[in-house]
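Chemist: Got a predicted structure here, sequence first:
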Amino acid sequence: MALCVLAFLAFVAVSEGRYRINPKPHHDPQYVWTPNGADQMGVYRIPLITAAPNGNLIALTEGRKIGGGDTGYKFLSQRSISSQVVVSTQGDQKWSPTIEEIDNGYTMSDGVILGAVVTDNVTKTMFVIYGECEHACPTTRTYVINSTDNGLSWSDPVDITHHIGTNKTVFSPGPGTGLQKMHAPHKGRLVFCGHYHDIIDGQSYMNTEGLKCIYSDDHGRSWKNGTVIPGMLYNQPKVQGDFLPNECQPVEMSDGSILISIRNQYKYHGAARMFASSVDGGETIHYETLRVANDLPDPACAAGMAYVPEYDVLLHSNIINTDRRANLTLSWSYDQGKTWDASNRLVIWPEGAAYSCMTVIPNGDSPPRYVGVLYEQGGSETSDDGYVTFVVYDLNPEKID
């Protein structure tokens, strides 16, 4: 019987075959938000993008009213576009006008902090998670909004701070996308990952940072704390070379595990991405899975990631640089992120760039062919002259056996 099972599995592996991709830009990069443009907003940062249940692409960002810093008065801004329009045209693509979903006004000096977005494909509901007052306040809150009409309208914010912690812990989700488990264990679970730090004696202590995931098994009605990987050493000033996991992007692999790409804040074992895995839906992550990918350089910045199971290829967008935020690059791995061959890379933008987010573009009942990358282009992380830019890549998949 065992031999029969092995023979069947071998037959399936051969019959399904393997693929290689040869990504090419499907159109020129397009500005989605421009500084001091038609929306009269000085700075846009923290790009998020995902596919709505109807296939439309939903882009979100922070509209920063005064300056490019993380603290300040902000909007949560949204634009959308049909995925069919994106892949059927190669010229100028018409995004919807900007909708300002959450407006902190001018009363909160440390407003909306994005954040991550995910679609529940069971209930056809989109969720956005974000924080408020995470940098300069003695207390912080974490909120979720949802949309049941493909991003046309959003619910009032729901405070989930009491689900995932107290005012003694700050949770900064993403930035990027969450995930819904498509495989066992915990099929259907919603997962967000990010980083956290503690509040001690009414003050934010960034020296207490670490990685954290939260999850929901009831389609977003309630949330629970999952894994925590603390930085070392706890509550002590950090220096270059210390271990401090920061902003992160999770994806689900074909075996049901969750792979997390992690910002390596103090360049532990080098200026490169870190990765870790969870085999129980984000409830735990063992240190044994944590590794530094020295073949994927990074200067400590947020990154995008997507897994395409139809081709068993893992896609990653980050700054391939060791000391400054320039040279945003698309990379791909055929062994689920264990190695990153330098020949499997394509430069997205060679000059100044920063955060990026990636989504697989729906293709109806056919295997996906395109991915979209929304990214910060130009300037520096706190400058007033950066753009939020969108580009689509045709994966050009080729079956090789």
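Modeler: Yep, it's here.
Chemist: can you map out the helices along the protein?
Modeler: For the chain, the helices defined by DSSP state H cover 2-16, 83-88, 161-164.
Chemist: Show me which residues of the shortest one are buried.
Modeler: When neighbours are counted by 16 or more other C-beta atoms under 10 Å, the buried residues of helix 161-164 are found to be 161, 163-164. For every residue, glycine as well, the C-beta is placed using N, CA and C.
Chemist: Excluding covalently adjacent residues, which one is nearest to the most centrally placed residue in the chain?
Modeler: Geometric centre of the chain, nearest residue: residue 176, 2.1 Å, by C-alpha atoms, centre = their mean. Take residue 176 and drop its neighbours on the chain: the residue closest to it by C-beta to C-beta, 6 or more residues apart in numbering is residue 249, 4.3 Å away.
Chemist: List the residues that contact residue 225.
Modeler: Contact analysis of residue 225 by C-beta atoms under 8 Å, 6 or more residues apart in numbering lists 164-165, 212, 214.
Chemist: now residue 124
Modeler: Applying C-beta under 8 Å, 6+ apart, the residues near residue 124 are 53, 148.
Chemist: Could you dump the buried residues of helix 161-164 into JSON lines with pLDDT added?
Modeler: Formatted as JSON lines, these follow (pLDDT from 0 to 100):
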{"residue": "161", "pLDDT": "89"}
{"residue": "163", "pLDDT": "87"}
{"residue": "164", "pLDDT": "87"}
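Chemist: which one of those residues is nearest residue 335?
Modeler: Taking C-beta to C-beta as the measure, residue 164 is the one of the buried residues of helix 161-164 closest to residue 335, at 33.5 Å.
Chemist: for that closest one, what are its contacts?
Modeler: Listed by C-beta under 8 Å, 6+ apart, the contact set of residue 164 reads 142, 171, 214, 223-225.
Chemist: what do you get if the cut-off is 6 Å, keeping everything else the same?
Modeler: Taking C-beta atoms under 6 Å, 6 or more residues apart in numbering, we find residue 164 in contact with 171, 214, 223, 225.
Chemist: Mind picking the two most distant members of the residues you listed?
Modeler: Within the contacts of residue 164, two members stand farthest from each other by C-beta to C-beta: 171 and 223, at 10.0 Å.
Chemist: thinking again about what came up before, rank the helices of the chain by mean pLDDT and give me the bottom one.
Modeler: Among those, helix 2-16 has the lowest mean pLDDT, at a mean of 39.
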